[in-house]
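Student: I would like the atomic coordinates for the input below:
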Amino acid sequence: MSENTENSSNPFDMLKWLVIFGLLGSVVAANHFFPELSVLYIALIAVAAVGISGFIASTTFKGSTFITFAKESRTEVRKVVWPTRQETTTTTMIVLAATVVMALILWGLDGIIVEIVSFITGLGI
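Tutor: Residues are numbered from 1 along each chain as shown. Take a look at the predicted model:
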C-alpha cells in the first residue's frame, strides 16, 4: 500500500481541526469567564458549538473515515443474531449458579487455609 493512499488528507484539515478545538475551547472559556449567564444559554451555546464542530470535523479526512466506519458498524450490528429472551434467561441462570458454586468453594478453601495457618503458627485467628 502506498503512502499516498494512507495519508490522503486535505491540506486544510489541520486548519479545520484548529478551528474545532478553538471553538470547543472557547465554549469552555466562556463557561468559566461568564458564570452569570443562565445555564440554559450556556447549554444551548455548547450544543450549537458541538454541532458545528461535528459538522466541520465530518468534512475532514479523519471525520469522513469515522463516518464510513460508523455506517459499516451499523450494518454489521444488523447482521448479529441476538439471543431470545429464553436463551438469555437460561444463560444468566447458569452464570449465577456457577458464581455461587465457585464462591462456596473459595469460602471453604479460605476456611481450611485459615485453620491450617492457625495450627502451624499457633495463633488463634
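
Student: average pLDDT for the lengthiest helix in the chain?
Tutor: Longest helix in the chain by number of residues (criterion: DSSP state H): helix 85-121. The average pLDDT for helix 85-121 rounds to 96.

Student: how far away is residue 80 from residue 86?
Tutor: According to CB to CB, to the nearest Å, residue 80 and residue 86 sit 18 Å apart. No exception for glycine: its C-beta is placed from N, CA and C like everyone else's.

Student: show the contacting residues for the closest residue to residue 49 other than its chain neighbours.
Tutor: The spatially closest residue to residue 49, leaving aside those adjacent along the chain, is residue 27, at 4.6 Å (CB to CB, 6 or more residues apart in numbering). Shown in contact with residue 27 (CB atoms under 8 Å, 6 or more residues apart in numbering): 45, 46, 49, 50.

Student: generate a PyMOL selection restricted to the buried subset of these.
Tutor: Here is the PyMOL selection string for the buried members of those, based on 16 or more other CB atoms under 10 Å:
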select buried, resi 45+49
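
Student: out of the contacts of residue 27, the closest to residue 21 would be?
Tutor: residue 49 (11.2 Å; CB to CB).

Student: in terms of helices and strands, where is the closest one?
Tutor: Assigned by DSSP states H and E, residue 49 belongs to helix 39-58.

Student: what about that helix, average pLDDT?
Tutor: Mean predicted confidence for helix 39-58 is 92.

Student: next SSE downstream of it?
Tutor: helix 61-79.

Student: for residue 34, phi and psi?
Tutor: Dihedral angles of residue 34 (phi, psi; degrees, to the nearest 10) stand at phi -120, psi 70.

Student: that one - how many residues pack around it?
Tutor: By the criterion of other CB atoms under 10 Å, residue 34 has 11 neighbours.

Student: which parts of stretch 43-56 are buried?
Tutor: Using 16+ other CB under 10 Å as the test for burial, stretch 43-56 gives 45, 49, 53.

Student: now it - C-alpha only, PDB.
Tutor: Below are the C-alpha coordinates for stretch 43-56, written out as PDB (Å, rounded to 0.1, in the frame of the first residue of the first chain):
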ATOM      1  CA  ALA A  43     -26.100  24.600  27.300                       C
ATOM      2  CA  LEU A  44     -27.600  26.000  24.100                       C
ATOM      3  CA  ILE A  45     -24.300  27.500  23.100                       C
ATOM      4  CA  ALA A  46     -22.400  24.300  24.000                       C
ATOM      5  CA  VAL A  47     -24.800  22.200  21.900                       C
ATOM      6  CA  ALA A  48     -24.500  24.600  19.000                       C
ATOM      7  CA  ALA A  49     -20.700  24.600  19.200                       C
ATOM      8  CA  VAL A  50     -20.600  20.800  19.400                       C
ATOM      9  CA  GLY A  51     -22.900  20.500  16.400                       C
ATOM     10  CA  ILE A  52     -20.900  23.000  14.300                       C
ATOM     11  CA  SER A  53     -17.600  21.300  15.400                       C
ATOM     12  CA  GLY A  54     -19.100  17.900  14.400                       C
ATOM     13  CA  PHE A  55     -20.100  19.200  11.000                       C
ATOM     14  CA  ILE A  56     -16.600  20.700  10.400                       C
END
